[in-house]
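**Student:** Below are the sequence and a predicted model; questions follow.
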There are 2 protein chains.
Amino acid sequence: MFNSSSDRLVTKLREWISSAPAGAQLPSTRELVAEYEISPVTVQKALRTLISQGLVESRPGIGTFVRSVPVTRPNDYAWQTAALGTPRNHLPQVHPTQRAFPNDVIALHSGYPDHELLPQRLVKSAFARIARTESVLQRTEAAGLPELQAWFASELNEHLMPGLGAPTARDVVILPGSQSGLGSIFRALVGEGEPMLIESPTYWGAIMAASQVGVTLIPVPAGPHGPDTEELDRAFERTGARAFYAHPNFANPTGAQWPATVAERVLEIVKARGAFLIEDDWAKDFGISTESSPLAARDDTGHVVYLRSLTKSVSPAVRVAGLIARGPARDRILADNQAQSMYVSGPLQAVALDVVTQPGWGTHLRSLRTQLANRRDQLIGALDRHVPQAHLQSVPSGGLNLWVQLPDGTNLRQLERDCESRRLAIAAGASWFPAEESGQFLRLNYSGPNPGAFDEGARILGEALNIQWG
Amino acid sequence: MFNSSSDRLVTKLREWISSAPAGAQLPSTRELVAEYEISPVTVQKALRTLISQGLVESRPGIGTFVRSVPVTRPNDYAWQTAALGTPRNHLPQVHPTQRAFPNDVIALHSGYPDHELLPQRLVKSAFARIARTESVLQRTEAAGLPELQAWFASELNEHLMPGLGAPTARDVVILPGSQSGLGSIFRALVGEGEPMLIESPTYWGAIMAASQVGVTLIPVPAGPHGPDTEELDRAFERTGARAFYAHPNFANPTGAQWPATVAERVLEIVKARGAFLIEDDWAKDFGISTESSPLAARDDTGHVVYLRSLTKSVSPAVRVAGLIARGPARDRILADNQAQSMYVSGPLQAVALDVVTQPGWGTHLRSLRTQLANRRDQLIGALDRHVPQAHLQSVPSGGLNLWVQLPDGTNLRQLERDCESRRLAIAAGASWFPAEESGQFLRLNYSGPNPGAFDEGARILGEALNIQWG
């Protein structure tokens, strides 16, 4: 991903090596510096890479040589089969949404917003400022930077219902990204082998974190108006579960935002069952026609555990999330996350705080809203024109995705392949279901690169569908 | 930890509020900007902090006021007791070595090197350089930055025994710190309820990570010459364990470095038992009279899984570690770490790579070696003078700590308290034992701030011991 001058030199030298005889001496560092106009450090980096790849060997004081005996003996790791046994859970090597494609592929599969939707200038200047502080040399407290804790608390307080006690900075735990937070929350509040209710469909990363912890997931159907509250209550009763993981605002993948009546009913049920609502407010900064309205702002009894990440809205390089939890639940989650990651890098916390407290942050969010609205509507228009078979249950009022249903019997694996061979990347819906999928769905991200290609992407999708359906 | 101008304003305003009547209006932002010569953004940050602390409230368009009704109603979170149940494992809220003390306390308790032992200039200039690159806006691949993977591989290759196949960049997984790595390794290679052999005493963070995963720890006694290999073999046989966690170089806490005969015997046993050796080379950069000599460089059959962190040698703010594992073990660990943390912040990886590939890095390590030698010898000298009861099993040839034994029957909790009341922080040895401690030990860190105070620290320790022993 970082195509540095050292990477480029590695590529050049690999070409050279491939046509050189074994034992041939490489040009000296001085010659490479002169020929490629790069620094000696860069040349050394490139040579180290080649050494570690087993292509060349260094003879100190003499030079670097093409390895005379290529490493061809494959090692036999079969003994590990017995030591490792079968895996307890099936964790993907690379999730379909995380795959990287060449630039000419139209990318509707990913879960991250494109560069141009990030506050690029704010992030760069924040890093430059932080580079001059002592924070780059310091350890931070396990619960996080006190000012950043206070910021997360104040953000939630802006939504607080009158009469409720406000969460304080002390109720906030800073986490190294929401994925790490999900693992800790599930371990601390649920635990291996215990049941947890979860919307279906929902975020694949949460399903993966639950699988890693060994939580037994109890799916509750959720549609454009949120979860089926009768099913929710029944599931609590039947399983004795003590936690429900949900996205009340701009749910991933459906885009659903719970109406106030559903929100209140869910809170009632959760309280009556003595349970936690784990609210993942992943799209807090991605409201389009409405704002995110956190359920955590309607509760001061510790039933709602609130998670908000800045990774997608500030920068994917700034892995920082805030957790707000009250009572002993907060302490148990903090202890777990500490055992898992000790503390969060101070400079990343300081960068996040710097970005979100600049006046430019508000300006950025307003412009982002307009851009997301345009992109969403462009992709919807393109689907209307080229993929009449695709059914959009509802136009999302926020978030980054469309959730479209295709005709029953569509072969989604085949569709993915046919699209990819035509330079379009899509993500089949199966990953977002904790159990079997309830239909044939696609999640299409409208926040990726190059919205100008949405029309072409939809055309390809329609064409690939027509191969199956004629 | 970041005593910013906003923090200072918060302190000033808290004083003001404490003597102001409820409902009093705070000075306007403009007035505060003028009075304290700070930016409006800083004032807003401070006000947000006070709001989140429940001390003031904002009335939009009017001003900020001292809260008329202080938040006094304590919430009742008793219902959580039933929902949470008893914890599965006992994770500390704050480990004794992680406590922060005022500057006038002599700190021998911590596990981190002081600022002055870090490559400060290299870290700051690396952050400044990285701030100007696109890496601050990018996601990285789950296994890490290819160049940093190559660097970790090449570092191990420098120790490789002749005739063995070299690990490649592909065998390396970049992790967000070694704590996160330990959790993933234990989950992937051992798993809940399964046995794992571990040196006793050993690193408390590893004991904590194992406890979190639910691994059953089987302690193997380890002294100045490493583990008792007969016990090791017996423990493998008796328990059927498939993994052994160890520090072959500059063990934490004992400082032991395994002689070559022990290293070879352990490798034999591990191979004969079809097991993994999890080698935590935590002090690779902290050799004093010898170099670290990784066991992973004596094996190409995938039996040694090698972990090396840069957090302590580059900067505690740069949470980056490298794991080297071959065969399916590597894939299983990577999948686990991905489920736990998705990927490692790109800028932190880029900073780490920048620092360790500068010419100044080698210079820094050489100077560090001298400083550690001096500090180690100063502390040993001070103990000799003031604490004749303290027995040092061996002078460590590397690492950051002395491991001293006190007379049987010493009350270590009382000793810690007596020392703290005299402004000396020490760490009792119990945390480093997976089971009961085999004697009364202290771990004393000679890499903390102000080595000039070691003599005074030892004097206090001697005095506190004399209270108990007369």
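**Tutor:** It's in. Numbers count the residues shown, from 1 in each chain, chains lettered A, B, ... in the order given.
**Student:** how deep is residue A:41 tucked in, by neighbour count?
**Tutor:** 15 (other Cβ atoms under 10 Å in any protein chain shown). C-beta coordinates here come from the backbone N, C-alpha and C atoms, glycine included.
**Student:** Tell me if it really is in a strand.
**Tutor:** No. Read with DSSP: H, G, I helix; E, B strand; the rest coil, residue A:41 is helix and lies in no strand.
**Student:** Just the pLDDT at the residue nearest to it when sequence neighbours are not counted, thanks.
**Tutor:** Counting by Cβ to Cβ, 6 or more residues apart in numbering or on different chains, residue B:357 is the residue found nearest to residue A:41 once chain neighbours are left out, at 6.0 Å. The score at residue B:357 is 95. That number is its pLDDT.
**Student:** just residue A:69 next, same as before
**Tutor:** Confidence score, pLDDT, at residue A:69: 57.
**Student:** do the same with residue A:33
**Tutor:** Residue A:33 carries a pLDDT value of 92.
**Student:** And for the one 5 residues further on?
**Tutor:** Reading off the per-residue confidence, residue A:38 sits at a pLDDT of 89.
**Student:** same deal with the one 5 residues further on?
**Tutor:** The model reports residue A:43 with a pLDDT of 92.
**Student:** what's the spacing between it and chain B?
**Tutor:** 11 Å (Cβ to the nearest Cβ, to the nearest Å).
**Student:** Just to check, the residue nearest to residue A:41 is in contact with residue B:154?
**Tutor:** No. Using Cβ atoms under 8 Å, residue B:357 is not in contact with residue B:154, being 10.3 Å away.
**Student:** of those two, who's got more company?
**Tutor:** residue B:154 (23 against 18).
**Student:** That one belongs to a helix, doesn't it?
**Tutor:** Yes. Counting by three-state DSSP, one finds residue B:154 located in a helix.
**Student:** Go ahead and confirm it touches residue A:54.
**Tutor:** No. If you go by Cβ under 8 Å, residue B:154 and residue A:54 don't touch, sitting 10.8 Å apart.
**Student:** can you pull out the helices in the stretch 51-200 of chain A?
**Tutor:** Ranges of helices within the stretch 51-200 of chain A are A:79-84, A:120-131, A:146-157, A:178-189, based on DSSP state H, counting those that start in this stretch.
**Student:** Output those in TSV, with distance to residue A:46 and mean pLDDT appended to each entry.
**Tutor:** Below are these laid out as TSV (distance: least, Cβ to Cβ, whole Å; pLDDT from 0 to 100):
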stretch	distance to residue A:46	mean pLDDT
helix A:79-84	33	92
helix A:120-131	26	96
helix A:146-157	39	95
helix A:178-189	33	96
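**Student:** any idea how far residue B:332 is from the closest residue to chain B within the stretch 1-150 of chain A?
**Tutor:** Nearest to chain B in the stretch 1-150 of chain A, going by Cβ to the nearest Cβ, is residue A:77, at a distance of 2.9 Å. Separation of residue A:77 from residue B:332 (Cβ to Cβ, to the nearest Å): 12 Å.
**Student:** So which of those two has more stuff around it?
**Tutor:** Counted by other Cβ under 10 Å, residue A:77 and residue B:332 do not tie: residue B:332 has more neighbours, with 21 against 17.
**Student:** Show the contacting residues for the nearest residue to residue A:153 once chain neighbours are set aside.
**Tutor:** Leaving aside its sequence neighbours, residue A:153 sits nearest to residue B:52 (Cβ to Cβ, 6+ apart; 3.9 Å). Residue B:52 makes contact with A:150-151, A:153-154, A:157, A:166-169, according to Cβ atoms under 8 Å, 6 or more residues apart in numbering or on different chains.
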